[in-house]
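Colleague: coordinates only, sequence not included:
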DNA sequence: CGGGCCGTTGACTCTTGTCAATCGCGGTGG
DNA sequence: CCACCGCGATTGACAAGAGTCAACGGCCCG
């Protein structure tokens, strides 16, 4: 599904930093072009990652090809931390992207290493869990329109702007929300007709016009 | 929604244990009758918990009452660990149950405390995340029949027996799988007609007869 | 023995999925 | 610079899976 990871020897720009911290905080940067795979479900988890640029999608697929995108990771987000030595989902670039790869630590050593970075890794796990719980509510109990409204609000919040550049395709959005591309498209059209959003001609960005109405839909 | 937590002074049976470990490992036991609440979404997270007996459901509700049960916790499981000082979901006893309550530690102190118990808490978070990711695939991409089959297989695996005593109602199952009670019931009937399961007269237990057929459905 | 609650079943509705056609942006090559 | 082309997105018509509403069944408990 993707080329084997060829990690070049890490540069060590801070030789004075204590070893434990250095091992954690220094990683190698890797550029990814759109749709390029980073790792697959079942791969040995030799590294975990932080997004530097672009968007990463993490997902699982059923034997017949149905796909569920767990999350989109954006600059600053940490992902790919595993308890076992195998990745439990696949990760690909949803757009041109760049990540920093950190050598995997055992949970044991992560817990023992103090320092800001270890804290950050733990926090990122808690954040992933919190988002997963919110997303289960969305997947299990919200209508198509509510799902799309919630997705747009979430993206706007993460980007910090009412004008959202969507870094992923309709197919990605559909597989994240548990819908089909047709239903995503129809829901967007419906929101636009109601005046809650505006979609420019290129169809790649969305401007949120009426936050309170969207929030009301988000239930 | 539930009475305030009245935690009695903890018994200290191991006065020789170092303080850091003792603080983590000693808790107070609390009995819960069926449907009794333990904490609500938004409550201050003063404690986290380990199930001793019975089953706990953790869930979120939308403003109009739609409910999504994230997970069922069973004996040995740890739940209610939060990054912030607020619980992000509610927890109630799905059956008569008992839990041990541990005083909340900050992520910081959890990371710094070494020892088996801190490891266990971290592992439980990773397990919750892994289960949440699997469950998102189920909620987003599986049919009703596949959902019920997966649920039964999961319960059988956790219990370690093909004869599963279901500690929760059809309503709980429905709210866990993103279905209605009617659809859960119809799916169970369908599985029974196909000879994959047997349901005794009391309707509270399920015997799995054909694991490979159920696994095939699980996709 | 009676009643309530949980679960099951049936008839019908409706949201969402499926299949198919068309649109139109954006890149390519003349 | 302009025409062509490919792919992602949109739209429409129809099908199907799951939800809704309602009635009934049968444990279980008083």
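Modeller: Here it is on my side, so go on. Bear in mind that the values here come from a model prediction, so they are computed numbers and not experimental data.

Colleague: anything in the lengthiest helix in chain A sitting right up against chain B?
Modeller: Taking DSSP state H as the criterion, chain A has its longest helix at helix A:116-141. Yes - counting by C-beta under 8 Å from any C-beta of the partner chain, chain B is contacted by helix A:116-141 at A:118-119, A:122-123, A:125-130, A:132-137, A:139-141. C-betas here are computed from N, CA, C, even on glycine.

Colleague: Please identify the buried residues of that helix?
Modeller: Of all the residues in helix A:116-141, those buried under the rule 16 or more other C-beta atoms under 10 Å in any protein chain shown are A:117-119, A:121-122, A:124-126, A:128-130, A:132-141.

Colleague: Confirm that residue A:58 sits in a strand.
Modeller: Yes - per DSSP: H, G, I helix; E, B strand; the rest coil, residue A:58 lies within a strand segment.

Colleague: pretty sure it is in contact with residue A:68, am I right?
Modeller: No - counting by C-beta atoms under 8 Å, residue A:58 stays clear of residue A:68, with 9.9 Å between them.

Colleague: picking that back up, moving C-terminal of the longest helix of chain A, what's the next helix or strand?
Modeller: Remark: after helix A:116-141, the chain's next helix or strand is helix A:144-159, criterion DSSP states H and E.

Colleague: just checking, residue A:101 touches residue A:51?
Modeller: No - contact criterion C-beta under 8 Å: residue A:101 and residue A:51 do not qualify, at 11.2 Å.

Colleague: what's the next secondary structure element after the helix or strand of chain A with the lowest mean pLDDT?
Modeller: Using mean pLDDT, DSSP states H and E, the weakest-scoring helix or strand in chain A turns out to be helix A:19-25, at a mean of 53. Going down the chain from helix A:19-25, the next helix or strand is strand A:28-32, by DSSP H and E.

Colleague: what's the model's confidence in that next one, averaged?
Modeller: The average pLDDT for strand A:28-32 rounds to 97.

Colleague: Packing partners of whatever helix or strand comes next after it?
Modeller: Of the helices and strands lying after strand A:28-32 in sequence (DSSP H and E), the nearest is strand A:37-39. Where contact means 3 or more C-beta pairs under 8 Å, 6 or more residues apart in numbering or on different chains; DSSP states H and E, strand A:37-39 is packed against strand A:90-93.

Colleague: partner strands of the strand it packs on, parallel or antiparallel?
Modeller: strand A:37-39 (antiparallel), strand A:56-61 (antiparallel) (DSSP bridges).

Colleague: So, low pLDDT: which residues of chain A?
Modeller: Where chain A drops to pLDDT under 70, the residues are A:1-25, A:114.

Colleague: got the residues of it near DNA strand D?
Modeller: Neighbours of DNA strand D within chain A, by C-beta under 7 Å from any atom of the strand: A:169-171, A:181-182, A:184-186, A:188-189, A:199, A:203-204.

Colleague: Looking at the residues you listed, which is nearest DNA strand C?
Modeller: residue A:182 (3.9 Å; C-beta to the nearest atom of the strand).

Colleague: give me the number of residues near that closest one?
Modeller: 10 (other C-beta atoms under 10 Å in any protein chain shown).

Colleague: Confirm it sits in a helix?
Modeller: Yes - under three-state DSSP, residue A:182 falls within a helix.

Colleague: measure the closest residue to residue A:32 other than its chain neighbours to residue B:137 for me?
Modeller: Distance criterion C-beta to C-beta, 6 or more residues apart in numbering or on different chains; nearest residue to residue A:32, sequence neighbours excluded, is residue A:93 at 3.8 Å. Going from residue A:93 to residue B:137 by C-beta to C-beta, to the nearest Å gives 21 Å.

Colleague: ok, now residue A:30?
Modeller: 27 Å.

Colleague: go on, residue A:145?
Modeller: Residue A:145 is 23 Å from residue B:137, by C-beta to C-beta.

Colleague: For residue A:191, which non-adjacent residue is closest in space?
Modeller: Residue A:191 sits nearest to residue A:197 (C-beta to C-beta, 6+ apart), 4.8 Å away.
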